[in-house]
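> After the sequence you'll find the predicted model.
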Amino acid sequence: MENIKSHFVFNRQQRNGILFLLLLITGLLGVYYFVDFSDEDVLDTTSPEIISLQKELDSLRQIELTSRKPKIYPFNPNFITDFKGYTLGMSLLEIDRLHHFREKGQWINSKQDFQKVTKISDSLLEVISPYFKFPEWLTNPKPKKEYNMGFKEKLFSEKLDLNKATEEELQKISGIGATLSKRIISYRLKLGGFTADSQLNNVYGLNEQVVERTLNEFTVKTPKEINKMNINVISASDIATIPDVSFELAKRIWEFRILRERIDDFSELKIIEGMSPRMLARIQLYLTLE
């Protein structure tokens with residue numbers, strides 16, 4: 001009995017320990033029942049600071065999405081590829097309508113023509129039409145000039161060789177003085193000799209009437225031989241070696257050929273920006289369509 005009683009008799013230190021344990025248990029139970037331990041977000045998303053920060057993040061996200069969109073540069077709508085049409089927002093059916101129209105050898109000359117052929121919506125036309133770039137000869141045609149030569153045209157056998165003409169002989173032509181005669185000789189030396197009469201048009205300062213009068217007295221009888229290049233395989237750098245053809249124009253010719261895959265007729269190049277009738281005649285002396 002004494003042994004059992006001893007288990008319920010505590011000294012002062014033991015009583016204090018038991019009291020502390022009871023207080024600790026009571027405190028933990030209070031925390032458990034009265035403190036919310038849920039995972040609910042306590043961040044106030046409706047506060048002005050959070051709303052301002054969210055707007056700034058949305059703005060940055062929109063800028064990033066805009067920067068990823070492909071940029072649209074001016075282009076001729078007659079030469080839209082499947083990929084180009086897709087990036088512009090056209091459907092495959094609309095692109096096919098354009099290709100079928102072009103396969104007939106017909107051309108689109110205005111944004112109205114483009115919509116009539118492709119049947120794109122007014123909203124899409126309004127977005128992409130500001131980037132349409134038609135050739136200058138179409139948008140700003142120049143009236144053709146007619147000249148009266150006022151002389152009887154000579155036969156080939158009656159003319160002198162343009163590649164052997166002297167300054168004095170050239171100055172006998174009305175409109176050609178010392179300066180222009182020197183310029184003609186200088187240009188001939190630059191070319192290594194004329195290949196065709198049409199190259200005389202490339203001499204700066206000679207107008208069409210003076211060229212006509214000159215070619216009635218002179219013609220190329222000993223043409224310079226040219227190793228012609230195949231336009232369908234050469235690079236832009238090769239095209240730029242043609243006299244008076246800038247690298248920028250050479251690059252546009254090369255890009256035009258890459259876009260169409262090959263050139264079958266030199267007349268196709270007429271729509272290239274900077275391709276005048278004189279320039280077209282000039283490059284044909286140096287290129288082939290093999």
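Great, that's in hand.

> which residues in the stretch 101-250 of the chain form strands?
160-161, 218-219, 229-230 (DSSP state E, counting those that start in this stretch).

> ok, so what distance separates the closest residue in space to residue 115 that isn't next to it in sequence from residue 90?
Nearest residue to residue 115, sequence neighbours excluded (CB to CB, 6 or more residues apart in numbering): residue 125, at 5.1 Å. Using the backbone N, CA and C atoms, a C-beta is placed for each residue, glycine as well. Counting by CB to CB, to the nearest Å, the separation of residue 125 from residue 90 is 10 Å.

> Tell me which of these two has more neighbours.
Legend: neighbour count by other CB atoms under 10 Å for residue 125 and residue 90, higher for residue 90 (21 against 16).

> dump the residue contacts of that one.
Residues near residue 90 by CB atoms under 8 Å, 6 or more residues apart in numbering: 80, 118, 120, 124.

> Out of those residues, flag the one nearest to residue 282.
Residue 282 has its nearest neighbour among those in residue 80, at 29.3 Å by CB to CB.

> Quick check: the closest one touching residue 95?
Yes - using CB atoms under 8 Å, residue 80 is in contact with residue 95, at 6.8 Å.

> who has more neighbours, the two?
Just comparing residue 80 and residue 95: by other CB under 10 Å the higher neighbour count belongs to residue 80, 24 against 20.

> What does the pLDDT read for that one?
Confidence at residue 80, expressed as pLDDT, is 86.

> again, but for residue 286
Per-residue confidence at residue 286 stands at 86 (pLDDT).

> which residues does it contact?
By CB under 8 Å, 6+ apart, the contact set of residue 286 is 226, 228-229, 242.

> Now list the buried members of those residues.
Those of the contacts of residue 286 that meet the buried threshold are 229, 242, by 16 or more other CB atoms under 10 Å.

> can I get the contacts of residue 286 in TSV with pLDDT?
Output for these, formatted as TSV (pLDDT from 0 to 100):
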residue	pLDDT
226	80
228	86
229	91
242	86
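
> from the contacts of residue 286, which single one is nearest residue 259?
Using CB to CB, the contacts of residue 286 come closest to residue 259 at residue 229, 19.2 Å.

> The residue nearest to residue 214 when sequence neighbours are not counted and residue 216, how far apart?
Nearest non-adjacent residue to residue 214, counting by CB to CB, 6+ apart: residue 173, 5.1 Å away. Going from residue 173 to residue 216 by CB to CB gives 9 Å.

> Please identify which of these two sits among more neighbours.
Remark: of residue 173 and residue 216, residue 173 carries more neighbours, 21 against 16, as counted by other CB under 10 Å.

> Check what pLDDT the more buried one gets.
Residue 173 is given a pLDDT of 92.

> correct me, but it touches residue 217?
Yes - the pair residue 173 and residue 217 passes the contact test of CB under 8 Å, sitting 6.3 Å apart.

> domain assignment for the chain?
With automatic domain parsing as the criterion, the domains of the chain are listed as 52-134, 156-219, 229-288.

> how about those in TSV, adding distance to residue 33?
TSV is the format used below for the domains of the chain (distance: least, CB to CB, whole Å):
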stretch	distance to residue 33
domain 52-134	37
domain 156-219	100
domain 229-288	77
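
> and of the ones you listed, who's closest to residue 29?
Closest to residue 29 of the domains of the chain is domain 52-134 (CB to CB; 40.9 Å).

> backbone phi and psi for residue 196, please?
Phi and psi for residue 196, reported as degrees, to the nearest 10, are phi -150, psi 160.
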